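below: sequence and its predicted model.
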Amino acid sequence: MLNPPESYGADASGLICAYRFCHASHAQPVSGSDALSWLNQGDDAGFVWLHLNLSHVATEKWLREHLQLPVEFYEALHEGSRSTRIEHADQHLIAIINDVVHDFSYEASDISTLWVCASERLIVTVRRTFLKSVDRLRQAVNQGAQLQSTAELLSHLLHDQADVLTGIVRQLNRQVDDTEDALLAGRLNHKRARLGQKRRVLVRLQRLLAPEPAALFRLLQKPPRWMSDDARQELRQATEEFAEVLRDMHSLQERIKLLQEELATVVNEQNNRSLFVLTIVTVLALPINLTAGLMGMNVGGVPFSQNEYGFWIVVLILAIATGIAAWLAFRRRDPDA
């Protein structure tokens, strides 16, 4: 038997959860054997969703032994490139969907892949680590979401993915607002490194997810025969929603880039001011150091060594020389520095 649906574990075959969907009724959690038995009966009423953990050593073997999935799906499991795509294969839909992990911490490595294979009566999802969108879909199913087809389940998953990404972009926008406010208030500290981290996450997300709207658009141009008009409309809405999320990501990237450039300018100005101060100190100390070096030589003929006012004369000369050096230094200073 499977672990309970709320568990993130998997059984001995790598199966995390399985649901049977019947028309006009809630999904029923079932075991892997029950799902296979129902599929073999050829009952056309409803469909089955199988969700598996690819990190389990028995998962791929179980899939090959019990399900007749297209070879393209297994090839996709072993591909190095994980860019999003959705394509046909022998009346199946094969989708590679990139999503953020369950405990997303705004690191570029917190992005993983979900593999999907869908037909009229079966949809299989496979992942290596916990993903937010799939967790949201499981929660919706456990709470009684009624899905009429595998295409509707895929559409629900894509809507959940867009919602998760929208939340991430919204949170990043708030963090960038805080950084911008700190910059305007003059409270500049270590925010620049954080901006670089956020930008890297957005760049990776956009690189992996950018092909998704185009892939969905091509799918809608030539959908499989078993996909209903309502499901196509849902996928079309998901495409528009996802394209909007990608535009928001791009805008946020440009905003972070401009803010990084502004921060770099501020840091450069601060460094220039520090160098100017050090230069002034060096120039002012030069006459004193030079005179001290000359007057401290242990040789005869040192000026004013026999004069009772010699010390004050030297001090006066140093003051005049230092004043002249300071005047020359400040005279050449850039007024805008």
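Yep, it's here.

element containing I317?
For I317, the element it lies in under DSSP states H and E is helix 310-331.

hmm, I was thinking of A215
Element membership of A215, judged by DSSP H and E, is helix 211-221.

and that helix, which residues are buried?
Using 16 or more other Cβ atoms under 10 Å as the test for burial, helix 211-221 gives 212-213, 215-216, 219. For glycine as for every other residue, the C-beta is placed from the backbone atoms N, C-alpha and C.

how much space separates L195 from R174?
14 Å (Cβ to Cβ, to the nearest Å).

looking at the two, which one has more neighbours?
L195 (19 against 9; other Cβ atoms under 10 Å).

which residues does the residue most central in space within the chain contact?
In the chain, the centroid-proximal residue (Cα atoms, centre = their mean) is V201; its distance is 2.6 Å. By Cβ atoms under 8 Å, 6 or more residues apart in numbering, V201 lies in contact with 106-108, 110-111, 172.

likewise for W62?
Applying Cβ under 8 Å, 6+ apart to W62 gives the contacts 13-15, 32, 52.

cutoff 6 Å now
Shown in contact with W62 (Cβ atoms under 6 Å, 6 or more residues apart in numbering): S13.

with D178 instead?
Going by Cβ under 6 Å, 6+ apart, D178 touches no other residue.

may I see the buried residues of the helix or strand containing it?
Take DSSP H and E as the rule and D178 turns out to sit in helix 150-184. For helix 150-184, the neighbour count (16+ other Cβ under 10 Å) marks 150-162, 164-166, 168-169, 172, 176, 179-180, 183 as buried.

now do the buried residues in whatever helix or strand comes next after it.
Per DSSP H and E, the first helix or strand lying C-terminal to helix 150-184 is helix 191-209. Buried residues in helix 191-209, counted by 16+ other Cβ under 10 Å: 191-192, 194-195, 198-199, 201-202, 204-205, 208-209.

likewise stretch 47-60?
Buried positions in stretch 47-60, judged by neighbour count with 16+ other Cβ under 10 Å: 47-54, 56, 58-60.

likewise for stretch 303-322?
For stretch 303-322, a neighbour-count test (16+ other Cβ under 10 Å) marks 314, 321-322 as buried.

same deal with stretch 227-236?
For stretch 227-236, by 16+ other Cβ under 10 Å, it's 227, 231, 234-235.

dump it to CSV, keeping only the CA atoms.
The C-alpha trace of stretch 227-236 is given here as CSV (Å, rounded to 0.1, in the frame of the first residue of the first chain):
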residue,chain,number,x,y,z
MET,A,227,-8.2,16.7,-25.4
SER,A,228,-11.5,18.5,-24.9
ASP,A,229,-12.3,22.1,-25.9
ASP,A,230,-12.6,23.1,-22.2
ALA,A,231,-9.2,21.6,-21.5
ARG,A,232,-7.7,23.5,-24.4
GLN,A,233,-9.2,26.7,-23.1
GLU,A,234,-7.7,26.1,-19.7
LEU,A,235,-4.3,25.5,-21.2
ARG,A,236,-4.7,28.7,-23.3
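
what does that stretch rub up against?
Outside of stretch 227-236, the residues within contact range by Cβ under 6 Å, 6+ apart are 149, 151-152, 155, 216, 220, 223.

which parts of the protein are helices?
32-41, 59-66, 71-77, 132-142, 150-184, 191-209, 211-221, 229-295, 310-331 (DSSP state H).

of all those helices, which one comes closest to I86?
Nearest to I86 among these is helix 211-221; the distance by Cβ to Cβ comes to 4.2 Å.

elements contacting that closest one?
The elements that helix 211-221 packs onto, with contact taken as 3 or more Cβ pairs under 6 Å, 6 or more residues apart in numbering; DSSP states H and E, are strand 85-89, helix 229-295.

could you dump those to CSV with mean pLDDT and distance to L122?
Shown next, in CSV, are the helices and strands packed on helix 211-221 (pLDDT from 0 to 100; distance: least, Cβ to Cβ, whole Å):
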stretch, mean pLDDT, distance to L122
strand 85-89, 82, 14
helix 229-295, 80, 15
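
redo the ones you listed as TSV? Include distance to N40.
Formatted as TSV, the helices and strands packed on helix 211-221 follow (distance: least, Cβ to Cβ, whole Å):
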stretch	distance to N40
strand 85-89	22
helix 229-295	25
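
buried deepest among those, which one?
Comparing the helices and strands packed on helix 211-221 by mean neighbour count (mean count of other Cβ atoms under 10 Å), strand 85-89 ranks first with a mean of 17.

what's in contact with that one?
Residues from elsewhere that reach strand 85-89, judged by Cβ under 6 Å, 6+ apart: 70, 72, 94-96, 211, 215, 219.
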